[in-house]
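Enquirer: My questions are about this predicted structure, shown below with the sequence.
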Amino acid sequence: MIDIRKNDAYKIDIYLKITNEEDTTTHEIIRTTHEIVQEHISVTNSNPKGYTWWGNNQPFTPAKLHEFIKYGHNPQVLIVIPKSAGGSNDIAYVADIMDAVKSKEGGFPPDGWRPKYYFNRFSKIWLKLSNFKRVSAEDNRSINQYFLVKNNQALSQKISTSYSCGYVYKLKSNKVLNDDDLKNKVEELIGQLQTVTNSIGYSGTPKEKKSLINDGNGSSKYPRDPKIASNALTIAKHKCEFDFAHKTFMRKSTGTQYMEAHHLIPLSEHSDFIHSLDVEENICSLCSNCHNCLHYGTDEEKIEVLTKLYKDRKALLVSVNLDITFSSLKKFYDIR
């Protein structure tokens, strides 16, 4: 998960996907997506205070919204209309968020400034919205800029799913990528990974976590696959990734230089992550000295090794949905 305190690096918004309102019996369209938005805009324009309420029953926490505001993100609502509802699978409207209220059982907002079709509908969440704006091609706003706060997945991958509300972010330096840009970027990243590995390469594919196993001493541990560790050493050409000049000895069984596999994000922290930590992208090849330094060295010695490994591994970790800040990583090594 990203560090929401870094408002200079990230812009956090709220994603809302809307579809046509249909009759539950005949499945005939009662209101189109654009009509739904226009009703909200009409209420906003008629309200002397310039706002309307938007109802939603998706998981949402007003307290989280207030936390984002506290750290200076000032989230907007991104209203996305899928092609199946007459849209373009992209951001159609944006609106400012003044506030949000939550009703556990479902209810109505504090006042009546809401479209008529909400009058008989309960909602668990009510967003207080203002300043609706239609997004055009010149606005340089696209879902291609956005990722999910909870797991860094590209928002564009969620359009065809049932996912319809959530916290998303974009890098403040991001620009909208057209098809050629995306192709060039992918080729660039592939080239970078090939340069790093110059071997069998990394998959760049997140893996599901395995279930905990009993270690036989009454407690559980996260399983590891020796083959994955072996792959990581092969990718690193059996060299110490802190310093290639570090030499050890040759393994009699394999004829390769002896190195040890080290999970940069420790397996003991598996509960903090959605995807598996036991992947090649998270396993470094280290000589015994550097490996033991990370476990038993002083803070000054550990941070020197850790800084180099994190810098080299950050992009690979992101590729398998293991994004982590350096400050968070240091905590796992008890570095103050």
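Expert: Cool, got the structure.
Enquirer: C-alpha from now on. contacts and neighbour counts both.
Expert: OK.
Enquirer: distance between the ends of stretch 52-71?
Expert: 25 Å (Cα to Cα, to the nearest Å).
Enquirer: going forward, begin numbering at 653 instead of 1
Expert: Noted, 653 is the first residue going forward, which turns the last one into stretch 704-723.
Enquirer: in that stretch, what's buried?
Expert: Counting neighbours by 16 or more other Cα atoms under 10 Å, one finds that the buried residues in stretch 704-723 are 704-708, 712, 717-718, 720.
Enquirer: Could you do stretch 721-741 as well?
Expert: Those would be 724-734, 739, 741, for stretch 721-741 by 16+ other Cα under 10 Å.
Enquirer: Can you tell me which of the residues you listed is closest to residue 767?
Expert: Of all the buried residues of stretch 721-741, residue 731 has the smallest distance to residue 767: 16.5 Å, by Cα to Cα.
Enquirer: hang on, the closest one in a strand?
Expert: Yes: according to DSSP: H, G, I helix; E, B strand; the rest coil, residue 731 belongs to a strand.
Enquirer: check contacts around it.
Expert: Neighbouring residues of residue 731 by Cα atoms under 8 Å, 6 or more residues apart in numbering: 667-670, 743-746.
Enquirer: so where does the residue nearest to residue 708 when sequence neighbours are not counted fall, helix or strand?
Expert: Leaving aside its chain neighbours, residue 708 sits nearest to residue 777 (5.1 Å; criterion: Cα to Cα, 6 or more residues apart in numbering). Using DSSP states H and E, residue 777 sits in strand 775-786.
Enquirer: now the residue lying closest to residue 892 once chain neighbours are set aside: how far from residue 958?
Expert: By the measure of Cα to Cα, 6+ apart, the closest residue to residue 892 outside its immediate chain neighbours is residue 938, 4.3 Å from it. Look at residue 938 and residue 958: by Cα to Cα, they are 11 Å apart.
Enquirer: Can you pick out the residue with more neighbours from these two?
Expert: Neighbour tally, residue 938 and residue 958, criterion other Cα atoms under 10 Å: the higher count belongs to residue 938, 24 against 20.
Enquirer: just the helices in the stretch 853-988 of the chain please.
Expert: Applying DSSP state H, counting those that start in this stretch to the stretch 853-988 of the chain gives helices spanning 878-887, 940-948, 951-971, 978-984.
Enquirer: coming back round to it: list the contacts for the residue nearest to residue 892?
Expert: Here residue 938 is in contact with 891-894, 911-914 (Cα under 8 Å, 6+ apart).
Enquirer: One more pass at 10 Å, please.
Expert: Applying Cα atoms under 10 Å, 6 or more residues apart in numbering, we find residue 938 in contact with 885, 888, 890-896, 898, 910-914, 944.
Enquirer: Repeat that for residue 742.
Expert: For residue 742, the contact set (Cα under 10 Å, 6+ apart) comprises 669, 730-735, 787, 793-796, 808, 811.
Enquirer: got it, and residue 865?
Expert: 871-875.
Enquirer: ok, 7 Å please
Expert: 872-875 (Cα atoms under 7 Å, 6 or more residues apart in numbering).
Enquirer: What's the separation between it and residue 722?
Expert: Distance from residue 865 to residue 722, counting by Cα to Cα: 41 Å.
Enquirer: again, but for residue 941
Expert: Counting by Cα to Cα - residue 941 and residue 722 are separated by 44 Å.
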